[in-house]
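Colleague: here's my sequence, what's the structure:
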Amino acid sequence: VFAGNKSDVIVAIATPTATVAANYSKDIPIVFSAVSDPIGANLLTDMNKPDKNITGTSDEVQVDKIIELAQKIDPEMKKLGFLYNPGEANSVTNLEKAKKYCKEHGLELIEKSGTNVSELQTAISVLCDEADAIFAPNDNTVASSMAPLVETANKKKIPVYTGADSMVKDGGFATVGISYTDLGHETAKMVDQILKGEKVENIPVKVFNTDLSTYVNKKTMEALGIELPDEVKNDKKFILIEE
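Modeller: Down below sits the predicted model:
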């Protein structure tokens, strides 16, 4: 539709949408938002000098810091479940990061996947029986199914750590990450630059991986019966979501 309307720029949110939009980048500048691994998704080959008429903002998932948070909250954690859709490039990238971290820190990683809510429901049921905690990256398929997935995990008292604060707002237990409001503002600035005549190749991809906060869902925490250690709840970047 946007291509047919000869839009001046196309904004694509998340990896699957950006991948589709990339088909039209020859004629129309593309600005993506919230893509964890732009190079892995074949959107471009140089983050500092975008080379395919595509640029944008990257919400690189802080896999190491999220698992570190899980260990702070449960020092006895031995087995970590990983729930994802193997068809999403960003999730596969985060799986590899999780494997590396777990291998280096003596944790067992158990991975289960699904391509729809039914498959994911089966996968999380298995993980709840085999793992001490579950990690779900900012996977679009998982994110769209958070409510039923978390309901299953909460019943079995298994915390679900997520790759985005939005997934915590939707019921996930906790994460360490950026403010997506700030990411949205930066995306809008890029669009404005392009509309004012700036070349895409002169607008580097902005990776959001600093000024991180810890997000915890209060309702989920209470359902799990978890008491946060002082190290976590007294951190100045701690945010308790009470929605």
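
Colleague: which residues in the protein form strands?
Modeller: 10-13, 30-33, 54-58, 79-84, 108-113, 133-136, 160-162, 174-177, 206-207, 213-217, 238-241 (DSSP state E).

Colleague: got these as TSV, with distance to Glu186 columns?
Modeller: C-beta coordinates here come from the backbone N, C-alpha and C atoms, glycine included. Formatted as TSV, the strands of the chain follow (distance: least, Cβ to Cβ, whole Å):
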stretch	distance to Glu186
strand 10-13	12
strand 30-33	9
strand 54-58	5
strand 79-84	26
strand 108-113	31
strand 133-136	25
strand 160-162	22
strand 174-177	15
strand 206-207	5
strand 213-217	17
strand 238-241	20
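
Colleague: select, out of the ones you listed, the one closest to Lys199.
Modeller: strand 54-58 (9.9 Å; Cβ to Cβ).

Colleague: list the helices and strands that closest one packs on?
Modeller: In terms of contacts (3 or more Cβ pairs under 8 Å, 6 or more residues apart in numbering; DSSP states H and E), strand 54-58 is packed against strand 30-33, helix 180-195, strand 206-207.

Colleague: pick the most deeply packed of those.
Modeller: Highest mean neighbour count among these (mean count of other Cβ atoms under 10 Å): strand 30-33, with a mean of 26.

Colleague: who does it pair with, and is each partner parallel or antiparallel?
Modeller: Strand 30-33 has the following strand partners under DSSP bridges: strand 10-13 (parallel), strand 54-58 (parallel).

Colleague: which of these sits closest to Ile30?
Modeller: Comparing those under Cβ to Cβ, the one sitting nearest is strand 54-58, at 4.3 Å.

Colleague: what ranges does the protein have for its helices?
Modeller: For the chain, the helices defined by DSSP state H occupy 15-21, 63-73, 89-104, 117-130, 140-143, 146-155, 165-169, 180-195, 218-224, 230-233.

Colleague: turn those helices into CSV, including mean pLDDT and distance to Ile203.
Modeller: Below are the helices of the chain laid out as CSV (pLDDT from 0 to 100; distance: least, Cβ to Cβ, whole Å):
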stretch, mean pLDDT, distance to Ile203
helix 15-21, 92, 15
helix 63-73, 97, 27
helix 89-104, 94, 21
helix 117-130, 97, 36
helix 140-143, 92, 25
helix 146-155, 96, 33
helix 165-169, 92, 25
helix 180-195, 94, 6
helix 218-224, 97, 38
helix 230-233, 95, 37
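
Colleague: where does the residue lying closest to Asn90 once chain neighbours are set aside land on pLDDT?
Modeller: Leaving aside its sequence neighbours, Asn90 sits nearest to Ser36 (Cβ to Cβ, 6 or more residues apart in numbering; 3.7 Å). At Ser36, the predicted lDDT confidence score is 84.

Colleague: residue contacts, Ser36?
Modeller: Residues counted as contacts of Ser36 (Cβ atoms under 8 Å, 6 or more residues apart in numbering) are Thr15, Ser58, Asp59, Glu60, Val61, Asn90, Thr93, Asn94, Pro137, Asn138, Gly163.

Colleague: same question for Pro137.
Modeller: Taking Cβ under 8 Å, 6+ apart, one finds Ser36, Val61, Val63, Phe82, Tyr84, Asn90, Ser91, Asn94, Leu95, Thr162, Gly163 in contact with Pro137.

Colleague: tell me, how many neighbours does Glu96 end up with?
Modeller: 11 (other Cβ atoms under 10 Å).

Colleague: swap that for Val63, please
Modeller: 25.
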